[in-house]
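fold the stuff below for me.
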Amino acid sequence: MARATADRSALLKVLRERYVSAGSERWNAADFLYERGSVPSALLYAAIFLPQFVEVEGEVFFEELGVQPQDGRAGLAELVRLRRRESAEALKVFVDSCNWLEVPYLVGQDFGAEAEITVLAGLLVEAWDARLRAQYPERRFRVRVLPQQETGGAIGVGFEMEA
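Just a heads-up that it's a prediction; the model follows:
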């Protein structure tokens with residue numbers, strides 16, 4: 001299966017629009033990082049680019065991101081067992097519903113323009129795909145951008161197990 005890669009030209013376009021400086025029209029991504037980035041900011045964003053995943057009752061979920069059951073892992077395990085008893089399809093629908101996020105709402109400030117959200121979504125797909133492959137090399141996942149029409153709200157990113 002071909003893996004999608006983030007569009008570097010789109011990344012540079014949104015950075016140049018957001019951070020207008022003398023000479024920035026010739027900057028590459030490393031130049032923007034050096035001029036505008038900080039170690040504390042990079043650490044904040046590690047949670048979205050390198051999320052933790054956890055296996056519960058044989059299913060993979062976000063450990064920290066997204067909606068978490070009130071009863072924690074025990075509550076999640078119970079929900080997995082309940083859906084598994086209903087049917088394989090009910091289990092798949094439940095697990096998949098837990099494993100996607102609306103991109104702008106990963107942060108509490110400056111949700112960004114649609115072009116920025118779209119670029120970030122592509123970067124998250126690439127990062128999460130690599131993270132899932134590294135953490136679960138024996139499994140196959142499909143990581144993708146979810147359009148607004150599918151989420152009913154904002155652009156999302158999600159993953160699901162492939163059969």
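
run through who's touching the helix or strand that contains residue 157.
Secondary structure from DSSP states H and E places residue 157 in strand 156-161. Residues outside strand 156-161 that contact it (C-beta atoms under 8 Å, 6 or more residues apart in numbering): 59-60, 92, 95-96, 99-103, 121, 124-125, 128-129, 132, 139-146, 150. Placement of C-beta: from N, CA and C, glycine included.

which of those are buried? Put it as a ChimeraX command.
The ChimeraX selection below is limited to those of those classed as buried (16 or more other C-beta atoms under 10 Å):
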select :59,60,95,99,100,101,102,103,121,124,125,128,129,132,141,143,144,145,146
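
show me the contacts of strand 156-161 that map onto strands.
When DSSP state E defines the strands, the subset of the contacts of strand 156-161 inside them is 59, 60, 100, 101, 102, 141, 142, 143, 144, 145, 146.

residue 66: which of the residues you listed is nearest?
residue 101 (5.4 Å; C-beta to C-beta).

where does the closest one land on pLDDT?
With respect to pLDDT, residue 101 scores 94.

ditto for residue 23
76.

got a list of what residue 75 touches?
residue 69.

for residue 53, give me phi and psi.
phi -120, psi 150 (degrees, to the nearest 10).

what about it, how many neighbours?
Counted by other C-beta atoms under 10 Å, the residues lying close to residue 53 total 18.

same deal with the one 4 residues further on?
The local packing of residue 57 (other C-beta under 10 Å) involves 16 other residues.

please apply the same query to residue 43.
The burial count for residue 43: 9, using other C-beta under 10 Å.

that one and residue 67, how far apart?
24 Å (C-beta to C-beta, to the nearest Å).

what do you get for residue 99?
In terms of C-beta to C-beta, residue 99 sits 11 Å off from residue 67.

with residue 37 instead?
30 Å.

next: residue 33.
Relative to residue 67, residue 33 is positioned 32 Å away (C-beta to C-beta).

who has more neighbours, those two?
residue 33 (14 against 9).

what strand or helix carries the more buried one?
With DSSP H and E as the test, residue 33 turns up in helix 29-36.

what's next to the following helix or strand past that helix, contact-wise?
Downstream of helix 29-36, the next assigned helix or strand under DSSP H and E is helix 39-49. With C-beta under 8 Å, 6+ apart as the test, helix 39-49 has contacts from 64, 65, 106, 123, 124, 127.
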